[in-house]
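A.B. asks: here is my input, please return the structure:
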Amino acid sequence: MDVEAKISELRSKIREADHAYYVDANPVLGDAAYDRLLSELVDLERQYPEFFDPNSPTVRVGGAPLDAFASQAHERPMLSLDNTYDHDDLQEWFDRVARSIGSEPSVHPEPHSLFGDQAVPDVLVALEPKVDGVAVSLRWERGKLVLALTRGDGVRGDDIVQQVRTIRNLPLVLSSAPEVLEVRGEIFMDDASFAHLNATRESAGLPLFANARNATAGTLKSLDPSVAAERQLRFVAHGLGVVSTELGSSWSDSRCRLEAFGIPVNGPSVLVRGASEAVSEIGRFDQLRHTLGYPTDGVVLRIDDFALQDQLGLTSRAPRWAIAWKFAAEQAPTRLLDVEWQVGKGGTLTPRATMAPVFLAGTTVQHASLHNIEEIERKDIRIGDTVLVEKAGEIIPQVVQPILAERTGLERPIVAPEVCPSCGQPLVRVGPKIYCINPSCPAQIREKLAWFAGRDQMDISGLGDKLVAQLVDAGLVNTFADLWRLDVQSLMGLEKVAEKSATSLIEAIDQARGQGLARVLSGLGIPQVGVVAARTLAEHFDDHHQLLAASAVDFEALPDFGEITAQLLWRWLHKQGGETVLSDLAEMGVDLRSVRAESSQLQSLADCVVVVTGTLPTLGRKDAEARLRELGATVTGSVSAKTTHLLAGEKAGSKLTKAQSLGVQVVNEAWLLAHLDTPSE
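C.D. replies: Residues are numbered from 1 along each chain as shown. Model prediction:
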């Protein structure tokens with residue numbers, strides 16, 4: 001047997017053993033025999049690198065660390081689900097579905113419940129546990145796993161395929177699957193793995209993870225795939241994306257097909273009709289969840305029939321054919337020690353409670369929201385009270401009420417501040433809210449910049465809350481455009497900022513110039529203009545000049561824009577300095593064009609990922625990067641396996657060496673100028 005055939009045979013045997021162990025729960029090899037096969041395969045792949053396969057079982061142990069995650073668009077948007085905690089809301093969802101689809105009967109066979117419940121419904125609804133992990137979209141092409149995207153903003157996500165390939169219960173190669181199979185699901189850490197991870201960290205003197213979801217998210221954000229391999233993540237499928245050949249006419253049919261491929265699916269699952277049956281099964285799930293061995297925070301309900309799903313359609317954020325029932329929040333008593341008033345990016349002051357530590361819904365809680373001064377006064381919450389705390393949606397702790405029977409008479413009323421705790425300027429109270437109206441307030445500037453740099457906005461890697469605070473406190477950044485006035489030397493003057501991290505941050509800031517109009521608008525903190533509204537604006541206006549020329553009436557005519565949003569946007573642009581903000585950003589080379597405008601141009605480099613390095617003969621680096629983006633290229637700051645071209649000038653340095661080692665095409669300024677002169681047809 002030749003070497004290539006031997007390698008293929010070993011991979012096949014190991015995959016069969018993985019399937020038997022992780023999917024069938026029926027091991028066919030002992031640990032020692034499995035390890036011998038894997039060791040033999042590792043040795044052969046090391047000796048014969050020409051037979052490397054990115055989906056080999058050996059990648060389960062993790063590969064070399066990555067330079068950065070590549071961002072990519074979802075072929076089909078990856079939406080969230082609407083949530084409910086209330087029986088009336090759930091009934092309304094069922095009623096709304098019934099009104100939308102009429103009384104069309106389902107052609108699906110009789111439902112089967114794990115709990116023995118049988119019924120023949122008009123419309124079948126599938127129920128499954130809502131796994132509390134990290135959502136991901138996996139794509140197999142010709143049976144091989146090629147892509148794994150995080151949800152991101154629902155439109156674009158990070159490719160974490162190297163990390164995902166280390167997940168043991170996930171098949172990397174499928175047989176008999178459609179040519180293209182995109183599966184949506186959840187990556188999570190089961191209870192045993194989470195307990196083991198925290199025990200290991202505790203013995204090493206490292207900080208513990210608050211919960212399994214945080215541990216999973218942190219693991220997937222690590223650029224080193226071996227971290228994911230060590231932490232024993234798992235995957236379950238809960239939906240489909242793009243599929244070249246239909247798996248069935250319903251989700252329950254498709255679940256069976258996915259299981260046949262060896263892809264783990266979310267379960268247990270049950271089919272019901274009507275809100276009353278759903279509520280009954282939800283109660284059973286609430287009891288069952290404590291025995292599953294992995295974290296869940298609710299139940300997902302979806303119309304089973306795909307044709308009915310298509311008929312119901314989607315909103316901008318969620319499908320109309322599905323809803324998530326969230327389990328009741330866990331509550332615990334603790335003592336309220338103090339109240340801190342925090343200034344938000346819009347100048348709103350929010351009271352935050354400091355409490356005696358209490359364990360709640362899997363985490364130790366010491367701080368909680370008090371909402372606003374009106375809520376505090378209405379509930380008569382006082383410093384020193386024993387209060388009831390809950391986790392709303394098992395995420396945000398909040399103070400529910402004081403326990404009056406525990407009062408001693410030593411409690412003190414919570415008094416609203418009269419001056420801003422950040423800038424010292426007088427505050428204004430309007431109903432339940434308290435505002436600082438000083439536009440130069442350092443706390444507001446910090447919050448605005450941190451929001452602007454966030455993943456769903458400008459996505460500036462490395463610019464977190466602490467560094468933003470340092471930049472503002474040092475007077476280096478006071479406006480959004482000031483970020484592009486920074487240099488390595490000014491950053492190195494800050495505490496704990498070394499040359500390497502300063503250089504990386506400057507590269508990330510430079511790269512963010514090309515994020516486009518939608519992300520810029522989403523990041524500016526314009527009242528009522530979030531991610532969805534910003535995207536709508538970018539779909540209807542080519543650039544910021546058209547935006548500034550529009551009237552409030554023009555804005556009101558946009559989809560999902562009401563009179564209030566339109567007026568607030570126009571006022572921000574023309575009365576509150578918005579025009580200056582946009583002009584300042586444009587002056588610093590920030591791309592304020594919409595995707596619509598960019599896609600209308602002839603772009604010869606649309607499929608290229610380019611890094612610029614060294615000194616070019618006539619073009620400055622920023623100018624060259626701007627020209628590349630005009631031609632449709634993705635410009636990044638570091639060379640990786642995703643890089644297609646290195647545009648190199650004199651003194652190219654280490655990037656040139658790395659590009660040559662990876663086989664990246666090295667080009668010069670003349671190549672760029674030629675593309676500018678002869679755009680693609």
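A.B. asks: rest of the way, CA atoms for contacts and neighbours
C.D. replies: Fine.
A.B. asks: alpha carbons of stretch 124-132, as PDB, please.
C.D. replies: Output in PDB follows, covering the C-alpha atoms of stretch 124-132 (Å, rounded to 0.1, in the frame of the first residue of the first chain):
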ATOM      1  CA  LEU A 124     -47.300  21.500  13.700                       C
ATOM      2  CA  VAL A 125     -44.900  23.400  16.000                       C
ATOM      3  CA  ALA A 126     -41.500  21.900  16.900                       C
ATOM      4  CA  LEU A 127     -40.100  22.500  20.300                       C
ATOM      5  CA  GLU A 128     -36.400  22.100  21.300                       C
ATOM      6  CA  PRO A 129     -34.200  23.200  24.200                       C
ATOM      7  CA  LYS A 130     -32.600  26.600  23.700                       C
ATOM      8  CA  VAL A 131     -28.900  25.900  24.200                       C
ATOM      9  CA  ASP A 132     -27.000  28.700  26.000                       C
END
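A.B. asks: how far off centre is that stretch?
C.D. replies: Distance, stretch centre to chain centre, for stretch 124-132: 21 Å (Cα atoms, centre = their mean, to the nearest Å).
A.B. asks: now swap in stretch 468-483 and tell me
C.D. replies: Using Cα atoms, centre = their mean, the offset of stretch 468-483 from its chain centre is 26 Å.
A.B. asks: pLDDT on it, on average?
C.D. replies: The pLDDT scores in stretch 468-483 average 93.
A.B. asks: would you mark the buried spots in that stretch?
C.D. replies: The neighbour-count check on stretch 468-483 (16 or more other Cα atoms under 10 Å) flags 468-472, 476-481, 483 as buried.
A.B. asks: want to throw the residues you listed into JSON lines with secondary structure and distance to residue 375?
C.D. replies: Formatted as JSON lines, the buried residues of stretch 468-483 follow (DSSP: H, G, I helix; E, B strand; the rest coil; distance: Cα to Cα, whole Å):
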{"residue": "468", "secondary structure": "helix", "distance to residue 375": "31"}
{"residue": "469", "secondary structure": "helix", "distance to residue 375": "30"}
{"residue": "470", "secondary structure": "helix", "distance to residue 375": "34"}
{"residue": "471", "secondary structure": "helix", "distance to residue 375": "35"}
{"residue": "472", "secondary structure": "helix", "distance to residue 375": "32"}
{"residue": "476", "secondary structure": "coil", "distance to residue 375": "38"}
{"residue": "477", "secondary structure": "coil", "distance to residue 375": "35"}
{"residue": "478", "secondary structure": "coil", "distance to residue 375": "33"}
{"residue": "479", "secondary structure": "coil", "distance to residue 375": "34"}
{"residue": "480", "secondary structure": "coil", "distance to residue 375": "34"}
{"residue": "481", "secondary structure": "helix", "distance to residue 375": "38"}
{"residue": "483", "secondary structure": "helix", "distance to residue 375": "38"}
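A.B. asks: make JSON lines out of those residues and add distance to residue 164.
C.D. replies: Formatted as JSON lines, the buried residues of stretch 468-483 follow (distance: Cα to Cα, whole Å):
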{"residue": "468", "distance to residue 164": "32"}
{"residue": "469", "distance to residue 164": "34"}
{"residue": "470", "distance to residue 164": "35"}
{"residue": "471", "distance to residue 164": "36"}
{"residue": "472", "distance to residue 164": "38"}
{"residue": "476", "distance to residue 164": "40"}
{"residue": "477", "distance to residue 164": "38"}
{"residue": "478", "distance to residue 164": "40"}
{"residue": "479", "distance to residue 164": "39"}
{"residue": "480", "distance to residue 164": "36"}
{"residue": "481", "distance to residue 164": "37"}
{"residue": "483", "distance to residue 164": "34"}
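A.B. asks: show me which of the residues you listed is closest to residue 314.
C.D. replies: For the buried residues of stretch 468-483, the residue nearest residue 314 by Cα to Cα is residue 480; the value is 34.5 Å.
A.B. asks: which is the succeeding secondary structure element to the strand or helix carrying residue 220?
C.D. replies: Residue 220 belongs to helix 212-221 when assigned by DSSP states H and E. Of the helices and strands lying after helix 212-221 in sequence (DSSP H and E), the nearest is helix 225-230.
A.B. asks: roughly how far is that following helix from the heart of the chain?
C.D. replies: That offset, for helix 225-230, works out to 20 Å (Cα atoms, centre = their mean).
A.B. asks: got the contact list for residue 613?
C.D. replies: 621, 646-649, 652, 655-656 (Cα atoms under 8 Å, 6 or more residues apart in numbering).
A.B. asks: look up the residues forming beta bridges with it.
C.D. replies: Counting by DSSP bridges, residue 613 forms beta bridges with residue 648.
A.B. asks: ok, residue 188 touching residue 233?
C.D. replies: Yes. With contact defined as Cα atoms under 8 Å, residue 188 and residue 233 form a contacting pair (5.8 Å).
A.B. asks: any common contacting residues for those two?
C.D. replies: residue 216.
A.B. asks: the more surrounded of the two?
C.D. replies: It is residue 188, of residue 188 and residue 233, that has more neighbours when counted by other Cα atoms under 10 Å, with 27 against 24.
A.B. asks: the more buried one pairs with what?
C.D. replies: residue 234.
A.B. asks: confidence score at it?
C.D. replies: Reported pLDDT for residue 188: 96.
A.B. asks: got it, and residue 20?
C.D. replies: For residue 20, the model assigns a pLDDT of 68.
A.B. asks: please apply the same query to residue 102.
C.D. replies: pLDDT recorded at residue 102 is 74.
A.B. asks: so how many other residues sit close to it?
C.D. replies: With other Cα under 10 Å as criterion, residue 102 counts 10.
A.B. asks: distance check, it against residue 249.
C.D. replies: In this view, residue 102 and residue 249 are 19 Å apart by Cα to Cα, to the nearest Å.
A.B. asks: can you tell me the SS state at residue 136?
C.D. replies: On the three-state scheme (DSSP: H, G, I helix; E, B strand; the rest coil), residue 136 is labelled strand.
A.B. asks: pretty sure it sits against residue 186.
C.D. replies: Yes. Counting by Cα under 8 Å, residue 186 is a contact partner of residue 136 at 5.9 Å.
A.B. asks: give me the more crowded residue out of those two.
C.D. replies: A direct count of neighbours by other Cα under 10 Å for residue 136 and residue 186 places residue 136 higher, at 25 against 21.
A.B. asks: for residue 407, give its distance to residue 522.
C.D. replies: 46 Å.
A.B. asks: who has more neighbours out of those two?
C.D. replies: Shown here are residue 407 and residue 522; by other Cα under 10 Å, residue 522 has more neighbours (23 against 13).
A.B. asks: mind listing the helices for the stretch 151-300 of the chain?
C.D. replies: Secondary structure of the stretch 151-300 of the chain (DSSP state H, counting those that start in this stretch): helices at 161-164, 191-203, 212-221, 225-230, 251-261, 274-288.
A.B. asks: the most centrally placed residue in the chain and residue 461: what is the separation?
C.D. replies: Per Cα atoms, centre = their mean, the C-alpha nearest to the average position across the chain is that of residue 152, at 3.5 Å. Distance of residue 152 to residue 461, computed by Cα to Cα: 14 Å.
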